[in-house]
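J.: Just to be clear, the model below is a prediction. Sequence and coordinates:
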Amino acid sequence: MVEPATATQAAAPVMPQLKDELDIVIPTIRNLDFLEMWRPFFQPYHLIIVQDGDPSKTIKVPPGFDYELYNRNDINKILGPKASCISFKDSACRCFGYMVSKKKYIFTIDDDCFVAKDPSGKAVNALEQHIKNLQCPSTPFFFNTLYDPFREGADFVRGYPFSLREGVPTAVSHGLWLNIPDYDAPTQLVKPLERNTRFVDAVLTIPKGTLFPMCGMNLAFDRDLIGPAMYFGLMGDGQPIGRYDDMWAGWCIKVICDHLGLGVKTGLPYIYHSKASNPFVNLRKEYKGIFWQEEIIPFFQQAVLPKDCTTVQKCYVELAKQVKEKLSKVDPYFDKLADAMVTWIKAWDELNPPTAGSVPNGKAA
Ligand SMILES: O=c1ccn([C@@H]2O[C@H](COP(=O)(O)OP(=O)(O)O[C@H]3O[C@@H](CO)[C@H](O)[C@H]3O)[C@@H](O)[C@H]2O)c(=O)[nH]1
Ligand SMILES: [Mn+2]
């Protein structure tokens, strides 16, 4: 039986790394008491809270945290008509926080995720591990059988090409979850009591050319390298689908990271996911995605980005064009989604004008 760490067990880090270069983005419809448990790790950082649902509701934030909070009225005011690309009544709204941040790194976490304990009983500082993952290179071109070669006590194994040992910059760090795993509704329905108690002590680079199901619950990324592609799509209110926000973003960022020669890692850190959302509600939200994805995945697997797509924005707009051309036949929703992807990029560039002398994101691999 796994249990979350207690607040006292969460020992405050000696020196919070990247304190002024990282924002923590939290989508929420509830009071943020969960922050009490994270206080030792999160208090030094700036929080961006994206309040979903009724903007007249007050979200209580425990004292002592430095934060900015945006509700739907704020989003509409800031983006004007472009606010149509930000989902309402779905955790996908969190991507607004990525857009308004001015920091290099983002960590996003759900408000029902708590501090996990590793097998020794030590509280896991998820933020610290994500920062380590992002600041260490990835190895997408050749699999290292000792997993993360840059980890203390590991290295590249015999036969690993020396020409590839420098690795590539890491754009995304995808963490996992103890207790309630991120299962889809059908799996939740047939295995209602299943809990994840396995703490696998590994960080892996997801190989180039391989897609993965990105979960937004415990996720960090380098905003400068991949931020414009971290759009969580059109979900929730008024949309035919939900709970595919992070999946859509994960497929888009992986194709773009592969194209630009950037890395995506998954594994440590774990958080303790405390609440299973209602599987029947989830089934209603995600059922179309369950059969649509049988056509979406081959689309992303076959997607090719032209060499002249040298920035994330160019890659993303090209991907939107291909979504419109090739997925609209699946459902008119994808026509709307493709337009929203372009709106997102326009809004992103409006809020994040390129600084003079800035270089385009990674290079086409
Ligand atoms: O309408 C809403 C509902 C919820 N939120 C906030 O989003 C996160 C996640 O909510 P919750 O934990 O209740 O739901 P889960 O099913 O566990 O979410 C995970 O599944 C995927 C959903 O797409 C995703 O990977 C995870 O988010 C909480 O912070 C809620 O407060 C919201 O903003 N709007
Ligand atoms: Mn949850």
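T.: Sure, I can see it. Numbers count the residues shown, from 1 in each chain. Ligands and ions are numbered 1, 2, ... in the order given.
J.: Up against ligand 2, what does the chain have?
T.: When proximity is defined by C-beta under 5 Å from the ion, the chain lies next to ligand 2 at 110, 112, 275. Quick note: C-beta positions are derived from backbone N, CA and C, even for glycine.
J.: Now for the first one, how many residues are close by?
T.: Around D110 there are 23 other residues, counting by other C-beta atoms under 10 Å.
J.: Now it: phi and psi?
T.: Main-chain dihedrals, D110, degrees, to the nearest 10: phi -80, psi 160.
J.: got it, and the last one?
T.: When read as degrees, to the nearest 10, the backbone of K275 gives phi -130, psi 130.
J.: Now do the helices in this structure.
T.: 35-42, 72-79, 95-100, 126-135, 185-190, 223-226, 245-260, 279-302, 312-327, 333-351 (DSSP state H).
J.: right, and these - which one's nearest G267?
T.: helix 126-135 (8.1 Å; C-beta to C-beta).
J.: tilt between that closest one and helix 35-42?
T.: Going by axes from the mean of the first three to the mean of the last three C-alpha atoms, to 10 degrees, helix 126-135 is angled at 40 degrees with respect to helix 35-42.
J.: Quick check: which ranges of the stretch 251-365 of the chain have low pLDDT?
T.: Applying pLDDT under 70 to the stretch 251-365 of the chain flags residues 356-365.
J.: And the residue of the stretch 51-200 of the chain that's closest to ligand 2?
T.: D112 (4.2 Å; C-beta to the ion).
J.: In this structure that residue contacts Y272, no?
T.: No. D112 is not in contact with Y272 according to C-beta atoms under 8 Å; the separation is 9.5 Å.
J.: With adjacent residues omitted, what lies nearest to the residue of the stretch 51-200 of the chain closest to ligand 2?
T.: K275 (4.0 Å; C-beta to C-beta, 6 or more residues apart in numbering).
J.: Distance of I226 relative to K314?
T.: Using C-beta to C-beta, to the nearest Å, I226 is found at 13 Å from K314.
J.: Looking at these two, which one has more neighbours?
T.: I226 (29 against 18).
J.: Excluding chain neighbours, what is closest to that one?
T.: A171 is the one closest to I226 (C-beta to C-beta, 6+ apart), at 4.0 Å.
J.: which ones are touching the one you found?
T.: Listed by C-beta atoms under 8 Å, 6 or more residues apart in numbering, the contact set of A171 reads 134, 221-222, 225-226, 253, 257, 262-264, 362.
J.: cool, D52 as well?
T.: D52 neighbours (C-beta under 8 Å, 6+ apart): 27-29, 72, 88-91, 93.
J.: and the residues you listed, which are buried?
T.: Neighbour-count burial (16 or more other C-beta atoms under 10 Å) is assigned, among the contacts of D52, to 27-28, 72, 88-91, 93.
J.: and ligand 1, which of the residues you listed contact it?
T.: When contact is defined as C-beta under 6 Å from any ligand atom, those meet ligand 1 at 27-28, 89-91, 93.
J.: on that earlier part again, so between D112 and Y272, which is more surrounded?
T.: Y272 (24 against 17).
J.: which parts of the stretch 101-250 of the chain sit against ligand 1?
T.: So the stretch 101-250 of the chain meets ligand 1 at 110-112, 182, 215-217, 236, 243, 245-246 (C-beta under 6 Å from any ligand atom).
J.: What is the neighbour count of P181?
T.: For P181, using other C-beta under 10 Å, the count is 17.
J.: Quick check: chain neighbours aside, which residue is closest to it?
T.: Here the residue nearest P181, using C-beta to C-beta, 6+ apart, is N196, at 4.3 Å.
J.: and the closest residue to R243 other than its chain neighbours, what does it touch?
T.: In space, and not counting its chain neighbours, R243 is closest to E286: 4.3 Å by C-beta to C-beta, 6+ apart. By C-beta under 8 Å, 6+ apart, the contact list for E286 reads 184-185, 241-244.
J.: in the stretch 51-200 of the chain, which spans are strands?
T.: Remark: strands assigned in the stretch 51-200 of the chain by DSSP state E, counting those that start in this stretch are 66-70, 105-109, 113-115, 170-179.
J.: Can you spell out which helices and strands pack onto the second one?
T.: Under the contact criterion of 3 or more C-beta pairs under 8 Å, 6 or more residues apart in numbering; DSSP states H and E, strand 105-109 touches strand 22-28, helix 95-100, helix 126-135, strand 218-222.
J.: With mean pLDDT as extra columns, can I get the ones you listed in CSV?
T.: Formatted as CSV, the helices and strands packed on strand 105-109 follow (pLDDT from 0 to 100):
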stretch, mean pLDDT
strand 22-28, 98
helix 95-100, 98
helix 126-135, 97
strand 218-222, 98
